[in-house]
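Enquirer: pasted the sequence and its predicted model underneath.
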Amino acid sequence: MKIKDNLNISGELLMKSGSPDSRLEAEILLRHVLKIDRATMFSNLENVLDNKQENDIAELVQRRLANEPLSYITGTREFYSLDFQITSDVLIPRQETETLVDEVIKISKENPLKIVDVGTGSGAIAIALAVNLPLAKIIATDISVDALHVAESNTKMNDVFSRINFKQGNLLDVLDEKVDVIVSNPPYIPSNQIEHLQPEVKKEPHIALDGGSDGLEYIRQLIGNCSENLNDNGHIFIEIDPSQSEEVLEIADTHFPDAITAIIKDLSQDNRVLSIHLT
Ligand code: GLN
């Protein structure tokens, strides 16, 4: 079968199953098997696939039809213009999380800071910060050993292996020094909503999504426990669901009545980041 026919068939199967980007997904799966870039694919549309290639592509299309996220199938994802290895042990980095990175970079430009990324998962936030803030000292924690393995291999892929100090444990429990910035994309989906998530999202680690009965369990713990780990003038940046804005501002005000607090919007203009600046 020719490449162009294969793309049409896969694209149609994916479209029928409801994928909004069916053609693009068909291309990505085919290119993943053939290990070719987009330009090469387009200049070889008349080339004929061998049997093994056809079978391999069909197998990946079936996995996608069974709602496996594209990033788990290809094992990669771009975040903050960097490439990351992704496995089903880690949450797939989302574009909206780039807002967290932007905010930390904004306050870190002038002076080198000590930063901790709490619940680092794939390492996306910590690594994007390490690449963009060459003088910052960066620590990253996660309770999942498997996630930390993925994060460590991502530091190698992005040439920042020596820049990040990984620690395994819950939230800030393993932090034995004070930092200037706490940044985190914690689990924040209420437990009873997990079963209603999109089928793809349900394939991601629930430990990275489930934020307890009201979704705020880890955010409460993090804000409640962070004062002893923060230097004077320290900053906290936590990703939230837009619906949680008022509740997280209340939690912040209860623990840090004198701090400057704000909710920052992501690129889609959704409330996405709780910012607390100690004064
Ligand atoms: N933003 C993610 C989602 O809605 C959730 C990430 C998280 O819980 N930290 O799928």
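Expert: Alright, I've got the coordinates. Numbering: from 1, shown residues only.
Enquirer: what lies in contact with stretch 237-247?
Expert: 96-97, 99-100, 103-104, 181-186, 188-189, 214-216, 219, 222-223, 248, 263, 270-276 (CB atoms under 8 Å, 6 or more residues apart in numbering). To be clear about C-beta, it is placed using only N, CA and C from the backbone, and glycine gets the same treatment.
Enquirer: same question, stretch 164-176
Expert: The contact list for stretch 164-176 (CB under 8 Å, 6+ apart) reads 116, 118-120, 123, 126-127, 130, 137-143, 145, 148, 151-152, 155, 182, 186, 218, 221-222, 225-226, 229.
Enquirer: and those near the ligand, which?
Expert: Contacts with the ligand within those, as defined by CB under 6 Å from any ligand atom: P186.
Enquirer: the closest residue to F237 other than its chain neighbours: neighbour count?
Expert: Distances taken as CB to CB, 6 or more residues apart in numbering put V183 closest to F237, at 4.7 Å, once the chain neighbours are dropped. Residues lying near V183 (other CB atoms under 10 Å) number 26.
Enquirer: tell me the helix or strand right after the longest strand belonging to the chain.
Expert: The strand spanning the most residues in the chain, taking DSSP state E as the definition, is strand 230-239. Next helix or strand after strand 230-239 toward the C-terminus (DSSP states H and E): helix 245-255.
Enquirer: distance check, E25 against P69.
Expert: E25 sits 11 Å away from P69, going by CB to CB, to the nearest Å.
Enquirer: same check on Q62?
Expert: For Q62, the distance to P69 - CB to CB - is 14 Å.
Enquirer: between the two, which is the more surrounded one?
Expert: P69 (20 against 11).
Enquirer: which non-adjacent residue is nearest that one?
Expert: Distances taken as CB to CB, 6+ apart put E200 closest to P69, at 4.6 Å, once the chain neighbours are dropped.
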